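K.L.:
Okay, predicted coordinates and the sequence, questions at the end:
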Amino acid sequence: MKWKVDRIISVATLAASLIAIFLVLKKPQPVAPMQSPAAAAANVQSLEKKLEQLEQPKDPGQAPAQVRFNSDEITAALAQAAASLPANVPASAATTAAGSAPQASSGLPTSVPSSADAVLGEGEPEVKDYKVNFDGDVARGQFVTQIGGKDVYVTLAGHLGSKDGYATFEPTEFKVGDLSIPVSMVSGALQKKLAEQRDRLKLPDDVGNIKVENGQLVATQK
């Protein structure tokens, strides 16, 4: 009887692991639609024109300018920035660490990420296929990284803001593939990653603060 119970537990554990792996590798519902090259170019041009408004000096007594960016403009700008990176940008330690995990003969990872560190890792992350969506006051981003040598979609949502001239982010959702990971497991690792990238989070000299409001990114002139 004990053998049967152990056998059932082993099979159940294996099934749960396979389901988790499937959820990790499964492509989730995209947070934003794919843009055509023409639409992406138009969105980048629109974003650049709005940025120029923030650069204009304001008259004495004039209220700071405020511009609103939609998610399509931000997604197009991120894609353009990613495309301009050199092809030999070193892979992140996250990819290296995840890739060193044991793998089955099929090439699939034999375990799912045990924590946010397994996804976020150390150093510069290697990510691609950026997508951004704004819903109310929540910013939701999605990108592709590698775990165990396989492309995996990561979805991250939260509240975007600013403090002392730097952008801030408080997560409310974290998913790897279609597998949700508790935010409590993510927050510490994410804040550590943001601290490592603090220089990149500095707001432009012309921007006083940022926030997401009514489905748009709002930037206010300093």
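P.N.:
Great, that's in hand.
K.L.:
wait, V212 sits on D137?
P.N.:
Yes. The criterion here is CB atoms under 8 Å, and V212 meets it with D137 at 5.2 Å. Glycine gets a C-beta too; all of them are placed from N, C-alpha and C.
K.L.:
neighbour count winner among those two?
P.N.:
It is V212, of V212 and D137, that has more neighbours when counted by other CB atoms under 10 Å, with 21 against 13.
K.L.:
what sits up against whichever strand or helix holds that one?
P.N.:
Assigned by DSSP states H and E, V212 belongs to strand 207-213. With contact meaning CB atoms under 8 Å, 6 or more residues apart in numbering, strand 207-213 is reached by 54, 64, 134, 136-139, 159-162, 167, 203, 217-222.
K.L.:
Show me the strands in the chain, by range?
P.N.:
For the chain, the strands defined by DSSP state E cover 66-69, 128-135, 138-147, 150-163, 166-176, 179-180, 207-213, 216-221.
K.L.:
Tell me which of those lies nearest to P37.
P.N.:
Nearest of the strands of the chain to P37, taken as CB to CB: strand 128-135 at 15.1 Å.
K.L.:
between that closest one and strand 138-147, how many degrees?
P.N.:
Computed by axes from the mean of the first three to the mean of the last three CA atoms, to 10 degrees, the angle separating strand 128-135 from strand 138-147 equals 160 degrees.
K.L.:
Report the contact partners of the closest residue to Q35 other than its chain neighbours.
P.N.:
Nearest non-adjacent residue to Q35, counting by CB to CB, 6 or more residues apart in numbering: A76, 6.0 Å away. Residues near A76 by CB under 8 Å, 6+ apart: Q35, A39, A40, A41, N43, V44, L47.
K.L.:
Run a quick neighbour tally on the fourth one.
P.N.:
When you say that, I think you mean A41. 13.
K.L.:
Likewise for the fifth one?
P.N.:
By other CB under 10 Å, the residues close to N43 number 22.
K.L.:
Mean pLDDT and distance to P60 for the strands of the chain - can I get that in JSON lines?
P.N.:
Below are the strands of the chain laid out as JSON lines (pLDDT from 0 to 100; distance: least, CB to CB, whole Å):
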{"stretch": "strand 66-69", "mean pLDDT": "91", "distance to P60": "18"}
{"stretch": "strand 128-135", "mean pLDDT": "85", "distance to P60": "33"}
{"stretch": "strand 138-147", "mean pLDDT": "84", "distance to P60": "34"}
{"stretch": "strand 150-163", "mean pLDDT": "86", "distance to P60": "25"}
{"stretch": "strand 166-176", "mean pLDDT": "88", "distance to P60": "28"}
{"stretch": "strand 179-180", "mean pLDDT": "84", "distance to P60": "51"}
{"stretch": "strand 207-213", "mean pLDDT": "90", "distance to P60": "17"}
{"stretch": "strand 216-221", "mean pLDDT": "90", "distance to P60": "14"}
